[in-house]
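Chemist: Everything below, folded, please.
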Amino acid sequence: MSDPPRAHTTTAIAGALTTIWALAVAVVVFGGAATAPLHAQTKRTAAPKPPENDTCLVCHGDPDAVTEKNRHIGLDTAKFGSSIHGGLSCVQCHTDLATTSEFPHQEHLTPVNCTSCHADAAAAYGRSAHAAARKLTPTSSAPACADCHTAHDIRPAADPASRTYPLNLPETCGRCHGDANVIKQGNIRIGNVVALFKDSIHGQAISKSGLLVAANCTSCHDHHEIRKKTDPESRVFRATVPATCGTCHAGVKATFDQSAHGAALAAKDPKAPVCIDCHSAHSIQRADVSSWKLDAVRECGTCHADKIKTYRDTFHGQVTSLGFVRVATCSDCHTPHNVHPKSDPRSSVSSAHVLQTCQQCHTTATASFAQYDPHADKNDRSNPLLYYSARFMKWLLIGTFGFFGLHSVLWFGRSFGRRRSKP
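Modeler: Residues are numbered from 1 along each chain as shown. All right, here's what the predicted structure looks like:
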């Protein structure tokens, strides 16, 4: 009769323990669930709310607003609203203010980092000469993003109001490369290239004709990755210049590549001429004007000194030395870009084509006429007729002027004596 009470007691104890365990679990589960949202809510309310644009414009909405230290802090809300960034909030660029609720904020904020949105452009700029100058000298006047794109009135390059619009680029780049102080401070050896460019055929096509297809600064130097001309990766590196010019002048580039000059360049000959040797870099002129034709003759002579010397001895050379171009110049006979040695069948002065070349000016020229040597050297004994004829003419002139010179001196002496004897 003693077993049933013991079993009842054991059952009661087990039930009590189960109840206690269930209450403990309920406290942990429901208590944690109840307090977790409250803790999270406390954390959310602790973080300050980023200011709205209207809050920023309370101080910065006046375009003429300045600080106590006379530093300009205002912006034109109309221009900002119509800019490409008009739909952004201020704190997306001025990230310092995204976590503050104290206004007015500190005077100097962390500079805006355009990399967060424009990673590719920023990476290209980081490889440029402008970025290198700023790294070398923090106070350098080398441009950063806002100098070319502005700070709050940023517009796409296709917008005529944009600083980077093709027709506006010379003026934008000229803010630095046309400023004598910036040129001196940056030790820019090439000087005011903007003035040269504005007078060039490309500059005139932009300023007077308004041609969007005309070459502008970025056409040759790139947009963001602007490198020095001594950098092999630069678009204006000497060996790369034909490819850069070829982006517009594709037909000329194809002809040049097949020429003797193009072959020399492909063989990495440092003396091989490229586009800028004949046409210059910034002051490019029309190829049909007299001044350019005369300069081209001199330019050819910097490499072909022996040829320019013999050319100057001819009728053609004598006339061009007087400043006239109504006679044949180098490019008239050898063509401007498709230049080949005389021994090359493709050459315009080869035996197969020389008559046709002469007939461009001398329409009645014959095969005998085309045998004329425009570079005959009077000092070359291999051509005895010319060599001895030149020598004869030289001594004939010396003898003639010598004889009559001596005669004049003697006659002057006699005349002077007679004048003294008869006052």
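Chemist: which stretches of the stretch 1-150 of the chain form helices?
Modeler: 3-46, 53-60, 77-82, 119-126, 129-136, 145-149 (DSSP state H, counting those that start in this stretch).
Chemist: Could you pull up the mean pLDDT of the longest one?
Modeler: So that's helix 3-46. Regarding helix 3-46, the rounded mean pLDDT is 46.
Chemist: And the fifth one, by the same measure?
Modeler: Mean per-residue pLDDT for helix 129-136: 93.
Chemist: starting at the chain centroid, how far to it?
Modeler: Mean-position distance between helix 129-136 and its chain equals 16 Å (C-alpha atoms, centre = their mean, to the nearest Å).
Chemist: can you list contacts of it?
Modeler: For helix 129-136, the surrounding residues in contact (C-beta atoms under 8 Å, 6 or more residues apart in numbering) are 125, 140, 142, 143, 144, 186, 226, 227, 228, 231. For every residue, glycine as well, the C-beta is placed using N, CA and C.
Chemist: just the angle between that helix and helix 119-126, please?
Modeler: In terms of direction (axes from the mean of the first three to the mean of the last three C-alpha atoms, to 10 degrees), helix 129-136 departs from helix 119-126 by 70 degrees.
Chemist: Roughly how far does the residue nearest the centre of the chain sit from residue 169?
Modeler: The centroid of the chain falls nearest to residue 221 when counting by C-alpha atoms, centre = their mean (2.1 Å). Noted for residue 221: a distance of 10 Å to residue 169, by C-beta to C-beta, to the nearest Å.
Chemist: and if you look at residue 396?
Modeler: For residue 396 relative to residue 169 (C-beta to C-beta), the value is 63 Å.
Chemist: Between the two, which has more neighbouring residues?
Modeler: Neighbours were counted for residue 396 and for residue 169 using other C-beta atoms under 10 Å; residue 169 has more, 20 against 10.
Chemist: Next, the more buried one: phi, psi?
Modeler: The phi/psi pair for residue 169 (degrees, to the nearest 10) reads phi -60, psi -40.
Chemist: Surely it touches residue 218?
Modeler: Yes. Counting by C-beta atoms under 8 Å, residue 169 touches residue 218, with 6.1 Å between them.
Chemist: Low-confidence regions, this protein specifically.
Modeler: Scanning the chain for pLDDT under 70 picks out the ranges 1-48, 423.
Chemist: ranges for the strands of it?
Modeler: Shown for the chain, no strands are assigned by DSSP state E.
Chemist: how's it carved up into domains?
Modeler: As given by automatic domain parsing, the domain ranges for the chain are 1-41, 53-112, 303-376, 381-423.
Chemist: Let me have these in CSV, extended by distance to residue 177.
Modeler: As requested, those are exported to CSV (distance: least, C-beta to C-beta, whole Å):
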stretch, distance to residue 177
domain 1-41, 57
domain 53-112, 24
domain 303-376, 30
domain 381-423, 52
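Chemist: Of those domains, flag the one that's most buried.
Modeler: domain 303-376 (a mean of 15; mean count of other C-beta atoms under 10 Å).
Chemist: any idea how far that domain is from the chain center?
Modeler: Distance, centroid of domain 303-376 to centroid of chain: 36 Å (C-alpha atoms, centre = their mean).
Chemist: Now do it: distance from first to last residue.
Modeler: Domain 303-376 has its terminal residues 18 Å apart, counting by C-alpha to C-alpha, to the nearest Å.
Chemist: Likewise for stretch 241-253?
Modeler: 10 Å.
Chemist: still on that earlier bit, residue contacts, the residue nearest to the centre of the chain?
Modeler: Residue 221 touches 235, 236, counting by C-beta under 8 Å, 6+ apart.
Chemist: Equivalent analysis for residue 257, please.
Modeler: 242, 266.
Chemist: Over to the one 3 residues further on?
Modeler: Contacts of residue 260 were listed using C-beta under 8 Å, 6+ apart, and they are 339, 340, 341, 344.
Chemist: Quickly check the residues you listed for the two that are furthest apart.
Modeler: 339 and 344 (9.6 Å; C-beta to C-beta).
Chemist: Spatially nearest residue to residue 297 (excluding sequence neighbours)?
Modeler: Distance criterion C-beta to C-beta, 6 or more residues apart in numbering; nearest residue to residue 297, sequence neighbours excluded, is residue 329 at 5.3 Å.
Chemist: Also residue 107?
Modeler: Residue 107's closest residue in space is residue 67 (C-beta to C-beta, 6+ apart), at 7.0 Å.
Chemist: gap between the one you found and residue 59?
Modeler: 10 Å.
Chemist: Need the overlap of contacts for the two.
Modeler: With C-beta under 8 Å, 6+ apart as the test, residue 67 and residue 59 both reach residue 73.
Chemist: Distance to residue 263 added to the contacts of residue 260, as a markdown table?
Modeler: What follows is these, written out as a markdown table (distance: C-beta to C-beta, whole Å):
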| residue | distance to residue 263 |
| --- | --- |
| 339 | 10 |
| 340 | 9 |
| 341 | 10 |
| 344 | 10 |
